[in-house]
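Asker: no sequence for this one, just the structure:
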């Protein structure tokens, strides 16, 4: 049976495999674009930028997200009931107690961030505390703690950085094809033509597939966190009901934006779209979260 712990071990292995694959892809893209532009330093820039961006994201992404969300840290004295609920679940999961933040927004939602369990944060909106009962709130917190235990936050952060590098390289090359090709306009032979065609195709397709991969990973980790959260509380119905309430709520999450939407337990945007659109393959491919009805069905199919 899957548990919080073997998911964590599996996710560590997948993280390193994914990072290796992404770095290889970035080096390939850098090589193709650099050759087409007759500028080998593009490859060096791509690798260096990936490493530096990953380093910055590793150490400071949680602070950036919390500042963007206008989240305020709370202590035990500020909200004893919430603090005890988080503490009890952490004891069950074998995790250190994360810092707890509250977002002053009436829309119900929550997210976790931080580079590892020792430096993790759980943030909930005021609306979540007001609109969910204890078992539902427990299910949401257990879901977020599962993300922490599974190292999903680190995975999502680094994947976002690497996707950004691929998009930057593709955009850089497309701009060069319009404004900077004069010095390469003469000579080059057949090989140069082939490389140029490959670079053009890569500049169009690479961001598309990078985003699809990012969103697919995000959806997979949401399903895993749902299952682990249910195992943690031993009560899947609590999280299922919480997801129903969150997705049915019509209040907009004012602090959310496209950069942070993937962090929340339920997307602040996708839940408001046409349900028929969400059934299509193309729509699902670019969703950061699985359809809520699929998550609820999966939770209610879990046997504890």
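Answerer: Done, it's in. None of the values given here were measured: they were computed from a predicted structure. Numbering: from 1, shown residues only.
Asker: buried stuff in the helix or strand residue 176 falls within?
Answerer: Per DSSP states H and E: residue 176 is located in helix 152-179. Neighbour-count burial for helix 152-179 flags 152-170, 172-173, 176 (criterion: 16 or more other CB atoms under 10 Å). To be clear about C-beta, it is placed using only N, CA and C from the backbone, and glycine gets the same treatment.
Asker: Over to stretch 119-138?
Answerer: By 16+ other CB under 10 Å, the buried positions in stretch 119-138 come out as 120-125, 127-128, 131-132, 136-138.
Asker: Endpoints of it, how far apart?
Answerer: Stretch 119-138 has an end-to-end distance of 21 Å (CA to CA, to the nearest Å).
Asker: tell me the contacts of residue 206?
Answerer: Taking CB atoms under 8 Å, 6 or more residues apart in numbering, we find residue 206 in contact with 25, 29, 166, 169-170.
Asker: Make CSV from those and add pLDDT and distance to residue 106 to it.
Answerer: Output for the contacts of residue 206, formatted as CSV (pLDDT from 0 to 100; distance: CB to CB, whole Å):
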residue, pLDDT, distance to residue 106
25, 80, 42
29, 83, 43
166, 85, 37
169, 83, 41
170, 87, 39
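Asker: Out of the residues you listed, which comes closest to residue 63?
Answerer: Using CB to CB, residue 166 comes nearest to residue 63 of the contacts of residue 206, at 25.0 Å.
Asker: Would you map the helices across this protein?
Answerer: In the chain, the helices defined using DSSP state H lie at 4-36, 41-68, 80-93, 126-131, 134-149, 152-179, 189-233, 236-248, 281-285, 292-300.
Asker: Show me how far the second one is from its chain's centre.
Answerer: Just to be clear, that refers to helix 41-68. How far helix 41-68 lies from its chain's middle: 15 Å, per CA atoms, centre = their mean, to the nearest Å.
Asker: Give the buried residues for that helix.
Answerer: Within helix 41-68, the residues scored as buried using 16+ other CB under 10 Å are 42-43, 45-46, 49-50, 53-54, 57, 61-62, 65-66.
Asker: could you check the angle helix 152-179 makes with that helix?
Answerer: Put simply, helix 41-68 runs at 130 degrees to helix 152-179, going by axes from the mean of the first three to the mean of the last three CA atoms, to 10 degrees.
Asker: For the remainder of this discussion, apply numbering that starts at 333.
Answerer: Let's use 333 as the start, then, which means that last one is helix 373-400.
Asker: From the contact counts, what lies against helix 373-400?
Answerer: Applying 3 or more CB pairs under 8 Å, 6 or more residues apart in numbering; DSSP states H and E, one finds that helix 373-400 contacts helix 336-368, strand 442-445, strand 453-457, helix 484-511.
Asker: for this protein, which spans come out with low pLDDT?
Answerer: 333-347, 350-351, 511-521, 602-614, 636 (pLDDT under 70).
Asker: which residues does the residue nearest the centre of the chain contact?
Answerer: The structure's the chain has its C-alpha centroid closest to residue 488; by CA atoms, centre = their mean the separation is 4.0 Å. Contact analysis of residue 488 by CB under 8 Å, 6+ apart lists 549-550, 553, 594-595.
Asker: Format those residues as CSV; extra columns: neighbour count and distance to residue 567.
Answerer: Formatted as CSV, the contacts of residue 488 follow (neighbours: other CB atoms under 10 Å; distance: CB to CB, whole Å):
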residue, neighbour count, distance to residue 567
549, 18, 27
550, 22, 25
553, 23, 21
594, 21, 26
595, 25, 24
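Asker: ok, back up a step: so which of the buried residues of helix 373-400 is the closest to residue 624?
Answerer: The closest of the buried residues of helix 373-400 to residue 624 turns out to be residue 397 (CB to CB; 22.7 Å).
Asker: In this structure the closest one contacts residue 445, no?
Answerer: Yes - between residue 397 and residue 445 there is a contact under CB atoms under 8 Å: 5.1 Å.
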